[in-house]
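A.B. asks: below is the sequence, then the predicted model.
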Amino acid sequence: MKTVCFISICNLFLMLTSTIFAQEEDNLTSSEWTFSAETDLYFTEPFIFLPIIIADKSNLHLEARYNYEDLKTFSGWVGYNFFGENEFEFFITPMVGGVFGRTNGIAPGLEFTFSYIGFELYSESEYLFDFESEENNFFYNWTDLTYSPFYWLWFGMSGQITKLYNTDLETDRGLLLGGLYQNFEIGCYFYNPFEDEFFFMLSLSTEF
């Protein structure tokens, strides 16, 4: 029984991998740079301003963050995009980053988006290896699961594990409501709504 399950899992992995690369080839025709900017605002104590700049050109992914891994800390990332657009859409980016500032280290990371008939799963994660002490190594993750009844409106759930804003909870869990107006997206997050340590976060982003 275990052998049958293992073979089935291998076949599923091979089918998914072949689909990814087949769809990727169809989407590698674009050689233009695309840019996007995002700002996350944490209404916490202290107030946190977290800007992110992203540049993509076909498979190449570049990203710069500030106040992400720690306050007063910059990180620069380079990654490789796998993407495809059929009824099932996906965007997967494994990457590696250098972290400098109040925290210094190196971090492998992963971002992915899976979309299907209005549902979307987005996640970004990294594991930071701190140069000063192994005790400061940490895992970061931010995951959203949403449903869009209209292209300009979505809602769902969010969870995050972060060192930036510490609570007594290992994972901050919350609700989100997002919208699109012209070329601008806005996301409103309400984390830990049933806990004493609740907080709000606002996400603003655009492409140019």
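C.D. replies: Looks like it came in fine.

A.B. asks: endpoints of stretch 65-78, how far apart?
C.D. replies: End-to-end distance of stretch 65-78 (C-alpha to C-alpha, to the nearest Å): 12 Å.

A.B. asks: pLDDT on it, on average?
C.D. replies: Mean pLDDT, computed over stretch 65-78, is 96.

A.B. asks: any idea which element the residue most central in space within the chain lies in?
C.D. replies: Centroid-nearest residue in the chain: E124, 2.8 Å away (criterion: C-alpha atoms, centre = their mean). Applying DSSP states H and E as the criterion places E124 in strand 119-130.

A.B. asks: who are the neighbours in contact with S125?
C.D. replies: The neighbours of S125, taking C-beta atoms under 8 Å, 6 or more residues apart in numbering as the test, are 109-111, 139-142. The C-beta positions use only the backbone N, C-alpha and C, and glycine is treated the same way.

A.B. asks: would you turn the residues you listed into TSV with neighbour count and pLDDT?
C.D. replies: Formatted as TSV, the contacts of S125 follow (neighbours: other C-beta atoms under 10 Å; pLDDT from 0 to 100):
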residue	neighbour count	pLDDT
G109	20	98
L110	15	98
E111	21	98
F139	12	94
Y140	18	94
N141	16	96
W142	18	95
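
A.B. asks: taking the residues you listed together, which two end up most distant?
C.D. replies: Using C-beta to C-beta, the contacts of S125 span at most 14.7 Å, a distance reached by E111 and F139.

A.B. asks: ok, and the closest non-adjacent residue to F88?
C.D. replies: Y116 (5.0 Å; C-beta to C-beta, 6 or more residues apart in numbering).

A.B. asks: burial of that neighbour, as a residue count?
C.D. replies: 12 (other C-beta atoms under 10 Å).

A.B. asks: try G178
C.D. replies: Neighbour count for G178, taken as other C-beta under 10 Å: 19.

A.B. asks: now it: closest residue in space that isn't a chain neighbour?
C.D. replies: G187 (4.2 Å).

A.B. asks: that neighbour: which element?
C.D. replies: G187 is part of strand 184-191, with elements assigned from DSSP H and E.

A.B. asks: so who does the residue nearest to the centre of the chain touch?
C.D. replies: Contacts of E124 by C-beta under 8 Å, 6+ apart are 109-111, 141-143.

A.B. asks: so which of these sit within strands?
C.D. replies: Among those, the ones falling in strands (DSSP state E) are 109-111, 141-143.

A.B. asks: mind listing what the closest residue to F112 other than its chain neighbours touches?
C.D. replies: Leaving aside its chain neighbours, F112 sits nearest to I92 (4.5 Å; criterion: C-beta to C-beta, 6+ apart). Residues near I92 by C-beta under 8 Å, 6+ apart: 20, 81-83, 110-112.

A.B. asks: I92 and F131, how far apart?
C.D. replies: 28 Å (C-beta to C-beta, to the nearest Å).

A.B. asks: again with F112
C.D. replies: 27 Å.

A.B. asks: what of S148?
C.D. replies: 41 Å.

A.B. asks: what about the two, which has more around it?
C.D. replies: Remark: of S148 and F131, S148 carries more neighbours, 17 against 12, as counted by other C-beta under 10 Å.
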